[in-house]
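# Have a look; sequence and predicted model below, questions after that.
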Amino acid sequence: MDSIRRPAVSGTFYSDDARELDEELTTYFDRAAPSTQKLYKAVIAPHAGTIFSGPVAAQAYKVLEGYRDQIKKVVLLGPSHRVAFEGMALSEDDGWETPLGEVPLDKEGAQSIENCPGVFKPRRAHALEHIVEIHLPFLQKALESFTLLPIVVGDARPEDVAEVLKKVWGGDETLIVISSDLSHYLSYDDAKKVDAQTSKNIINLKGNLLQWNDCCGRIPIQGLLLVAGERGLKAEILDYRNSGDTAGPHEKVVGYGAYGFYS
């Protein structure tokens, strides 16, 4: 029998009712700016609850609408929040479920990187983690059908992340997604200043300038920026807001950025 990972954060980070979730996502996508029709190889998108970061995440995925039937594989990396470990964790499941249906995992892709430095398969790393799961409804809304290669990144070297990405880079059928929020719990004005510098470093592919408190997905972002630089990709900011703009007070906010990478 296939092993299916059931949702861990539906009903908390996002609605566990399929119709309600679809309506919420439709609202976010309808309000996002139209696609520029660029062929984005990779995006960075936030992973907070949909009420907070949903509008920004939707903008990251809205840009895919022009070639939604072309993308067949999604490689999604993000930082571990629940379990401390060294390296990068693959999922042992055959598929992941959300209220919108099941997404099959890319088993061949996983096999191609399971011998890379730092890669292993601890089920505990994925069991309660939200950084991949929160993106799946957006991807299900944005794309027609796809396989998923989810990777939770612990204490790893950006260079090792880069090597993994190179092996699964693929062609136009493969989308790379990095899951990350920006600054945490600064005042509204301070967050905008810090996040502006972080955004500048990201779009200039200056991963070495990112500090540990600039973005929780610093290590996978740095890995992506290494490969993007080697392959001559350009980057642009698609959207920026913080929780003070979406659904929270201004005293302590979390920053959310969406970025696209293209040739």
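The structure has been received and is ready for your questions.
# Please give the three-state secondary structure assignment for residue 76.
Three-state call for residue 76 (DSSP: H, G, I helix; E, B strand; the rest coil): strand.
# ok, it - how many residues close by?
22 (other CB atoms under 10 Å). Any C-beta I mention is one placed from the backbone N, CA and C, and that applies to glycine too.
# can you pull the contacts of it?
If you count contacts by CB atoms under 8 Å, 6 or more residues apart in numbering, residue 76 has them with 132, 135, 148-151, 177-179.
# The residues you listed into JSON lines, with extra columns for distance to residue 207 and pLDDT?
Output for the contacts of residue 76, formatted as JSON lines (distance: CB to CB, whole Å; pLDDT from 0 to 100):
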{"residue": "132", "distance to residue 207": "21", "pLDDT": "96"}
{"residue": "135", "distance to residue 207": "21", "pLDDT": "98"}
{"residue": "148", "distance to residue 207": "25", "pLDDT": "98"}
{"residue": "149", "distance to residue 207": "21", "pLDDT": "98"}
{"residue": "150", "distance to residue 207": "22", "pLDDT": "98"}
{"residue": "151", "distance to residue 207": "17", "pLDDT": "98"}
{"residue": "177", "distance to residue 207": "17", "pLDDT": "98"}
{"residue": "178", "distance to residue 207": "11", "pLDDT": "98"}
{"residue": "179", "distance to residue 207": "16", "pLDDT": "98"}
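# Where neighbours are concerned, which of those has the most?
The member of the contacts of residue 76 that has the most neighbours, counting by other CB under 10 Å, is residue 178 with 31 neighbours.
# In what element of secondary structure is the closest residue in space to that residue that isn't next to it in sequence found?
Computed as CB to CB, 6 or more residues apart in numbering, the closest residue to residue 178 that is not its neighbour in sequence is residue 44, at 4.5 Å. Using DSSP states H and E, residue 44 falls within strand 40-45.
# Give me the angle between the helix or strand that comes right after that strand and strand 40-45.
The element immediately downstream of strand 40-45 (helix or strand, assigned by DSSP H and E) is helix 50-62. Interaxial angle of helix 50-62 relative to strand 40-45 (axes from the mean of the first three to the mean of the last three CA atoms, to 10 degrees): 170 degrees.
# Kind regards, and thank you for your time.
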